[in-house]
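J.: here's a sequence, model it:
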Amino acid sequence: MRPARTFHDLGGELGVAALAWRLPDAMPWRAVSTAFVGGGFTACNWVLNVQVPHGYARRDVGAHVDEVARALGLVGDGVGMLTAADVRKVRHAIDGEVTVEVTVGLASPVWAAAPAEAEVHMSPGTVNIVAFMPVPHSDGALANLLCTATEAKVQALLDKGVPGTGTASDAVTVVCPGITGRPEPELEPEPFGGPRSRFGAQLARATCSAISAGAEGPR
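T.: This is a model prediction of the structure:
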């Protein structure tokens with residue numbers, strides 16, 4: 001499942017540009033995300049990846065994302081991520097039934113377990129991952145999918161020789177269909193999301209592939 005992605009040149013006070021994914025209205029959608037706006041478990045009608053200038057200093061990030069969503073005509077609930085990376089260089093990969101789309105900016109990589117005194121460059125989420133799952137997942141499985149995508153990201157970065165596990169403000173969003181009414185036994189939500197589960201394995205491979213492609217350019 002790959003919802004339509006659109007690119008928007010914002011300009012002015014809204015930012016530089018944005019990628020928007022509008023989810024089909026034919027069914028409900030759920031998301032789990034580490035994003036500042038719409039993070040946690042939520043109903044989901046859209047996902048935004050907003051490119052902002054380096055040195056971005058707005059503190060009202062939620063209000064900023066709401067402004068962008070209104071300008072693009074997005075309605076309902078959504079997830080908003082920020083990045084200093086060029087969103088025109090979005091990379092996508094499909095493995096089986098899972099689609100992953102990423103923007104990768106690695107100007108300031110960090111090690112997750114760096115010493116407390118290490119200098120940390122807090123730039124707006126420069127490695128953003130958006131993943132679309134084909135079937136409903138339980139809350140536990142969705143949380144596990146966040147871990148799986150993050151593990152695959154780190155694998156790709158290490159394979160590319162990046163000196164870090166990511167940046168200080170990366171974000172991951174995983175979207176899956178919701179459930180209407182009481183599901184039939186064979187349609188129960190997927191209970192697992194680890195890298196050896198059916199869809200977790202597809203997510204891991206697609207994430208690794210997309211991040212690897214995005215990490216090949218200038219950092």
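
J.: now the closest residue to E97 other than its chain neighbours: phi and psi?
T.: Spatial nearest neighbour of E97, excluding adjacent residues (Cβ to Cβ, 6 or more residues apart in numbering): P134 at 3.9 Å. All C-beta atoms are positioned from the backbone trio N, CA, C, and that covers glycine. The phi and psi values for P134, taken as degrees, to the nearest 10, are phi -80, psi -20.

J.: check contacts around P134.
T.: Shown in contact with P134 (Cβ atoms under 8 Å, 6 or more residues apart in numbering): 1, 97-98, 176-177, 199.

J.: tell me how many other residues surround the nearest residue in space to E190 that is not next to it in sequence.
T.: Computed as Cβ to Cβ, 6+ apart, the closest residue to E190 that is not its neighbour in sequence is H137, at 4.5 Å. One way to gauge burial is a neighbour count; for H137, by other Cβ atoms under 10 Å, it gives 24.

J.: same deal with the one 3 residues further on?
T.: Neighbouring residues of G140 were enumerated by other Cβ under 10 Å; the total is 13.

J.: so who does it touch?
T.: G140 is in contact with 191, 193, counting by Cβ under 8 Å, 6+ apart.

J.: so after the host helix or strand of it, what's the next helix or strand?
T.: Assessed by DSSP states H and E, G140 sits inside helix 139-159. Scanning forward in sequence from helix 139-159, with DSSP H and E defining helices and strands, the next element found is strand 171-177.
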